[in-house]
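Below are the sequence and a predicted model for it; my questions follow.
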Amino acid sequence: MRRQWSLKRVSVQLVDCRKTSEMVHSSKCHLFSGRGLSGEAEQHLDKEKKSISETKLLKEHQHRYTGEKPYGCDQCGKRFTQTGTLVTHMRIHTGEKPYGCSQCGKGFTKSGNLVTHMRIHTGEKPYSCDQCGKGFAHSGSLVRHKMKHTGEKIYHCLDCGSSFITSNELKVHQRIHTGEMPYGCDQCGKRFALSGDLVKHRRIHTGEKPYVCDQCCKRFAESGNLLKHKIIHTGEKPYGCDQCGKRFARLGNLDTHRRTHTGEKPYGCDQCGKRFARSGHLAKHRRIHTGEKPYGCDQCEMRFAESGNLVKHKRIHTGEEHYGCDPSGKRFAPSGDLVMLKRIHTGEKLYSCDQHIKRFAESGILVKHKRINTGEKSFGCDKCGKRFALSEELVKCKKMPTGEKPYTCVQCGK
């Protein structure tokens with residue numbers, strides 16, 4: 001029997017976009033069979049699909065110029081020019097993160113965000129400044145950096161007059177005046193002004209350490225700590241003290257060291273007024289007032305205010321004694337005690353008084369000596385009101401009114 005060819009209109013339902021297309025088949029196209037389309041008709045259908053897809057993309061592209069946003073979110077009502085943008089937006093509500101990092105497992109709602117995140121692990125910085133050659137992982141970071149060369153700061157704070165390169169920097173700055181902290185931790189409730197600070201804080205709870213040293217595989221929660229750590233491997237100490245020549249790997253350590261020479265103590269206790277050269281020393285000191293002992297021994301129930309004291313205590317359980325003094329043969333658990341003993345043998349005195357030519361083997365003794373020169377009396381007795389230059393003098397004062405006699409004669413026991 002002879003096959004019939006004719007011109008017909010065929011309605012076809014496209015599965016991928018759910019749209020119906022009226023297709024006109026010429027006499028060269030075979031009619032539908034009972035089981036589907038002929039090969040020639042399938043090819044024609046593929047062309048029609050492509051045409052419809054291109055038409056759809058063209059319409060969405062035109063929305064950018066017309067401002068039309070036909071696609072709306074049924075959760076929040078926000079509207080979009082493209083269906084793909086709506087799909088990505090919906091993940092904010094659903095929490096879906098289909099793009100996962102193969103290095104650390106972190107998930108993302110957008111593939112582009114994953115690509116950018118991967119640069120943390122690879123160190124890739126594809127965007128470079130044509131003025132100084134500095135590289136950046138994000139194009140936005142490069143744009144902001146270039147403004148540093150021009151010095152252009154077009155965004156101004158109405159409260160204090162400070163100027164900023166970007167509008168976002170101004171927005172973040174204004175939180176100083178408003179006290180706004182929009183980012184809250186869902187674990188402990190602590191709030192932050194910056195989203196980046198919240199991200200860093202969350203790693204305390206998760207234990208996440210995404211930054212890895214390529215030399216020793218040690219991991220860090222913050223990229224800045226990794227950079228500081230890497231100096232250990234290079235041995236580089238670019239920062240030198242102009243007073244004694246001692247060199248440091250970090251600028252912050254040099255600043256702290258300089259206070260040894262100047263006597264500056266910028267950190268003061270709000271309870272007793274005692275001042276410190278380092279913020280860490282103030283934090284430790286405050287535990288005297290609060291009684292806080294955050295460091296606990298996993299072998300017994302002892303707790304300590306300082307991590308170093310916990311380390312020393314643990315040697316009671318292990319019997320460990322690492323450090324030996326060559327001249328005297330004595331052995332010490334803390335390495336600092338060994339350093340002090342060796343200076344007795346060598347006569348080395350690193351710390352000098354800027355008012356006299358006198359030198360000292362320990363920084364603590366220099367501090368005490370300086371109090372004699374300045375007349376500073378940091379330690380006050382809460383029983384009699386008398387003040388002392390040295391903490392040990394305060395201890396003696398507190399014991400005397402009670403009748404306690406802490407010093408015993410080794411000969412007669414009196």
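Okay, I see it.

neighbouring contacts of stretch 106-124?
Contact partners of stretch 106-124, identified using CB atoms under 8 Å, 6 or more residues apart in numbering, comprise 88, 91-92, 96-101, 103-104, 125-126, 137-138, 210-212, 223. Where C-beta positions appear, they are placed from N, C-alpha and C, glycine not excepted.

make it 6 Å
The contact list for stretch 106-124, computed with CB atoms under 6 Å, 6 or more residues apart in numbering, reads 88, 91, 97, 99, 100, 101, 103, 137.

what does stretch 371-391 give?
So stretch 371-391 is contacted by 274, 355, 368, 394, 397, 401 (CB under 6 Å, 6+ apart).

now, the most widely separated pair of those?
355 and 401 (35.1 Å; CB to CB).

so where's the chain shaky on pLDDT?
1-65, 319-350, 361, 399-411, 413-414 (pLDDT under 70).

In space, not sequence, find me the middle residue of it.
Among the residues of the chain, residue 222 comes closest to the average C-alpha position under CA atoms, centre = their mean, at 3.7 Å.

quick one: that one from residue 354, how far?
37 Å (CB to CB, to the nearest Å).

about what we covered before: now, of the contacts of stretch 106-124, which are buried?
Listed as buried from those are 88, 99, 137; burial here means 16 or more other CB atoms under 10 Å.

Could you check how far the last one is from residue 143?
According to CB to CB, residue 137 and residue 143 sit 13 Å apart.

now do the first one
Counting by CB to CB, the separation of residue 88 from residue 143 is 23 Å.

what ranges do the strands span in the stretch 51-200 of the chain?
71-72, 79-80, 99-100, 107-108, 127-128, 135-136, 155-156, 163-164, 183-184, 191-192 (DSSP state E, counting those that start in this stretch).

quick one: which of the ones you listed is nearest residue 229?
Nearest of the strands of the stretch 51-200 of the chain (CB to CB): strand 135-136, 20.7 Å.

name the helices or strands packed onto that closest one?
Here strand 135-136 touches no other helix or strand, going by 3 or more CB pairs under 6 Å, 6 or more residues apart in numbering; DSSP states H and E.

A helix includes residue 242, no?
No: counting by DSSP: H, G, I helix; E, B strand; the rest coil, one finds residue 242 to be coil, located in no helix.

so who does residue 73 touch?
Counted by CB under 6 Å, 6+ apart, residue 73 has contacts residue 89.

Apply 8 Å and report the result again.
Residue 73 sits in contact with 79, 80, 86, 89, 90, 93, where contact means CB under 8 Å, 6+ apart.

from these, which would you call buried?
For these, buried by 16+ other CB under 10 Å: 80, 86, 89.

with those in mind, which one is nearest to residue 312?
The closest of the buried ones among the contacts of residue 73, once distances to residue 312 are taken by CB to CB, is residue 89, at 56.3 Å.

In space, what's closest to that closest one - neighbours in sequence excluded?
residue 73 (5.9 Å; CB to CB, 6 or more residues apart in numbering).

what's the distance between the one you found and residue 96?
For residue 73, the distance to residue 96 - CB to CB - is 14 Å.

go on, residue 294?
In this structure, residue 294 and residue 96 are 39 Å apart, going by CB to CB.

ditto for residue 186
From residue 186 to residue 96 the distance is 18 Å (CB to CB).

the more surrounded of the two?
In this view residue 186 and residue 96 are compared by other CB atoms under 10 Å, and residue 96 has more residues nearby, 13 against 8.

From residue 122, how far out is the residue nearest to the more buried one when sequence neighbours are not counted?
Spatially, and ignoring its direct neighbours in sequence, residue 96 is nearest to residue 109 (6.9 Å; CB to CB, 6+ apart). Counting by CB to CB, the gap from residue 109 to residue 122 is 21 Å.

quick one, which of these two is more surrounded?
residue 109 (19 against 9).

how close does the more buried one sit to residue 91?
For residue 109, the distance to residue 91 - CB to CB - is 4 Å.
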